[in-house]
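Novice: Below are the sequence and a predicted model for it; my questions follow.
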2 protein chains.
Amino acid sequence: MEENNILESVSAQLSAYLTSKKLRKTPERFAILEQIYNMNRHFDVDTLYEIMQASGYRVSRATVYNTVDLLVECNLIVKHQFGTNMAHYEKAFNTDNHFHLICTNCNNVIEVKDEDLNNQLKSRKFKNFEVTGYNLYIYGLCNKCSAKDRNNTIHN
Amino acid sequence: MEENNILESVSAQLSAYLTSKKLRKTPERFAILEQIYNMNRHFDVDTLYEIMQASGYRVSRATVYNTVDLLVECNLIVKHQFGTNMAHYEKAFNTDNHFHLICTNCNNVIEVKDEDLNNQLKSRKFKNFEVTGYNLYIYGLCNKCSAKDRNNTIHN
DNA sequence: TTTACTGCAAATATTTTGCAATATC
DNA sequence: GATATTGCAAAATATTTGCAGTAAA
């Protein structure tokens, strides 16, 4: 599916959700969704807020927080807590089949696809628990940082 | 291994780490480690602080934060961010082979063991990334909350 | 016209930091 | 005796909340 169709599709999804919950279709909500789907990496609320400002669209932080919560509720984005205090988010459309490698030294996050592992996790059932999603976080040292380690360089 | 031996073992581990890093063996550090290993569930810093107070051992919040960071560094405890802003921690001794089911309605966390899945994750290698650990978080509705859902009960 | 939503600012929650006093090595 | 660590309080960071004004239905 090409870019524009994805945007149309997620906007329609949001629209349907708002209708079903009797919530309002405000321009802010669609503008934020659009901005998110134009980005290619995960983001935090503050970054999203600043990108909106920079792009000329004025919204308040409170609205960004509210909208991001809403988009999580209707499964258009996924929330992550990679180990810092700040929540990170990413698009949920066709991106549910990857994991995150998190460098505990530089906090960089790398995405990894693995269909086999993904299928296995998806097929796993649990007693008395209705699974809606999962996150696999793999911690360690990235290329750069483990190289630094080997050279005994001091890093912060 | 019985309770006392575990405590001895983890204290020795901490002691060795402090020596190797030329850090000081303060009573606070060992008291906090002991308290943690006497508990049976994951905890947040504030809860740990209050349990220390209640048990009659006076430490400052700052020291609890510092010590918890230290214990993460030397692999005696593991840090989690279950989706809220508050970090959670748990013992790392012989407890690295389970996952967490997180109820997105009541925020309750259930532990699940699965040796097969664990072994598979452990054996998985990644290019240019040196794995030190991982966390698998499975989100959904627990027994109680999906029952509520079926009954159409309003819940917060 | 009703009331959900927005923006702003203040409040809250969690964690970090600066600094003087203390205790380990 | 040198300095790492502690406790306390203030600061920093991230998020939530209250409320008056605005706009969607």
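Specialist: Happy to help now that I have it.

Novice: Residue A:120 against residue B:114, yeah?
Specialist: No. Using CB atoms under 8 Å, residue A:120 is not in contact with residue B:114, being 10.8 Å away. Heads up, the C-betas are built off the backbone N, CA and C, glycines and all.

Novice: Ramachandran coordinates for the closest residue to residue A:93 other than its chain neighbours?
Specialist: Leaving aside its sequence neighbours, residue A:93 sits nearest to residue A:10 (CB to CB, 6 or more residues apart in numbering or on different chains; 5.7 Å). For residue A:10, the backbone dihedrals are phi -70, psi -30 (criterion: degrees, to the nearest 10).

Novice: how many neighbours does residue A:10 have?
Specialist: 22 (other CB atoms under 10 Å in any protein chain shown).

Novice: Likewise for residue A:41?
Specialist: Residue A:41: 10 neighbours (other CB under 10 Å).

Novice: Name the SS class of it, please.
Specialist: When classified by DSSP: H, G, I helix; E, B strand; the rest coil, residue A:41 comes out as coil.

Novice: And it, how far from residue A:80?
Specialist: 12 Å (CB to CB, to the nearest Å).

Novice: what's the answer for residue A:121, then?
Specialist: 16 Å.

Novice: circling back: from what I can see the residue nearest to residue A:93 touches residue A:74, true?
Specialist: No. Judged on CB under 8 Å, residue A:10 makes no contact with residue A:74 at a distance of 9.7 Å.

Novice: anything in contact with each of the two?
Specialist: Listed contacts common to residue A:10 and residue A:74 are nil; contacts here mean CB atoms under 8 Å, 6 or more residues apart in numbering or on different chains.

Novice: For residue A:90, give its distance to residue A:82.
Specialist: Using CB to CB, residue A:90 is found at 11 Å from residue A:82.

Novice: Please apply the same query to residue A:51.
Specialist: On the measure of CB to CB, residue A:51 and residue A:82 end up 19 Å apart.
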